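Engineer: based on what follows, work out the 3D shape:
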Amino acid sequence: MKTSAMVEGVAGGVAGEIIANKIDKTVGKLHGEWGELQHATESFGAAGALLGGAEGGAYGMAAGFAGEGARYGTDELLKKLGASDDVRGNLDAVMSGAVSGAVFGSMGGALGSAIGAGVGAILGEGAYVAETYGDKIAHFFQNIF
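Structural biologist: Residues are numbered from 1 along each chain as shown. Modelled structure (predicted):
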């Protein structure tokens, strides 16, 4: 993996999120899960367009839509099965990242799709853990040092 490609990807993702937030504030955001689906599609679409032009934008929109759909579907299924909030949060983050990564990675073929799914799952779970347990993790390191 090239460092420059990773930096471009992170910058594209941040820019996509900024653009999606501006769209949500200007145009409006749908309520509930529809709003989450809308936001993910906007964010991934904008990031893809910035990184890969019109084709990248189309793949990005598909990745955002599919990833958020997978997250919601996984969460609803796990609710029905009686899973705890922690289990649901962890698994739907992994599924969302894996599906988004697979769709986005498919621009590079089958291998890109497989790598994208793996990396997406790891990043999705990492983001969930950081968001959920960030304060506890920071406090732990403050106590050590």
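Engineer: can you list the weak-confidence ranges in the chain?
Structural biologist: Filtered on pLDDT under 70, the chain yields the residue ranges 1.
Engineer: the closest residue in space to residue 121 that isn't next to it in sequence: neighbour count?
Structural biologist: Excluding the flanking residues, the one nearest residue 121 by C-beta to C-beta, 6 or more residues apart in numbering is residue 98, at 4.0 Å. Backbone N, C-alpha and C define where each C-beta goes, glycine included. Residues lying near residue 98 (other C-beta atoms under 10 Å) number 22.
Engineer: again with residue 138
Structural biologist: Around residue 138 there are 11 residues (other C-beta under 10 Å).
Engineer: any idea how far residue 31 lies from residue 55?
Structural biologist: 31 Å (C-beta to C-beta, to the nearest Å).
Engineer: picking up where we left off before, the residue nearest to residue 121 and residue 22: what is the separation?
Structural biologist: 28 Å.
Engineer: re earlier: was I right about the residue nearest to residue 121 contacting residue 120?
Structural biologist: Yes - applying C-beta atoms under 8 Å, one finds residue 98 in contact with residue 120, separated by 5.2 Å.
Engineer: quick one: residues contacting the most centrally placed residue in the chain.
Structural biologist: Closest residue to the average C-alpha location of the chain: residue 97 at 5.2 Å, with C-alpha atoms, centre = their mean. Residue 97 makes contact with 67, 120-125, 127, according to C-beta atoms under 8 Å, 6 or more residues apart in numbering.
Engineer: with adjacent residues omitted, what lies nearest to it?
Structural biologist: Going by C-beta to C-beta, 6+ apart, residue 97 has residue 124 as its nearest residue, at 2.2 Å.
Engineer: so which strand or helix has that neighbour?
Structural biologist: Element membership for residue 124, per DSSP states H and E: helix 110-144.
Engineer: list the buried ones in that helix?
Structural biologist: 113, 116-117, 119-121, 123-125, 128 (16 or more other C-beta atoms under 10 Å).
Engineer: give me the phi and psi for residue 98.
Structural biologist: The phi and psi torsions at residue 98 (degrees, to the nearest 10) take the values phi -70, psi -40.
Engineer: give me the distance between it and residue 142.
Structural biologist: 33 Å.
Engineer: same check on residue 15?
Structural biologist: Counting by C-beta to C-beta - residue 15 and residue 142 are separated by 32 Å.
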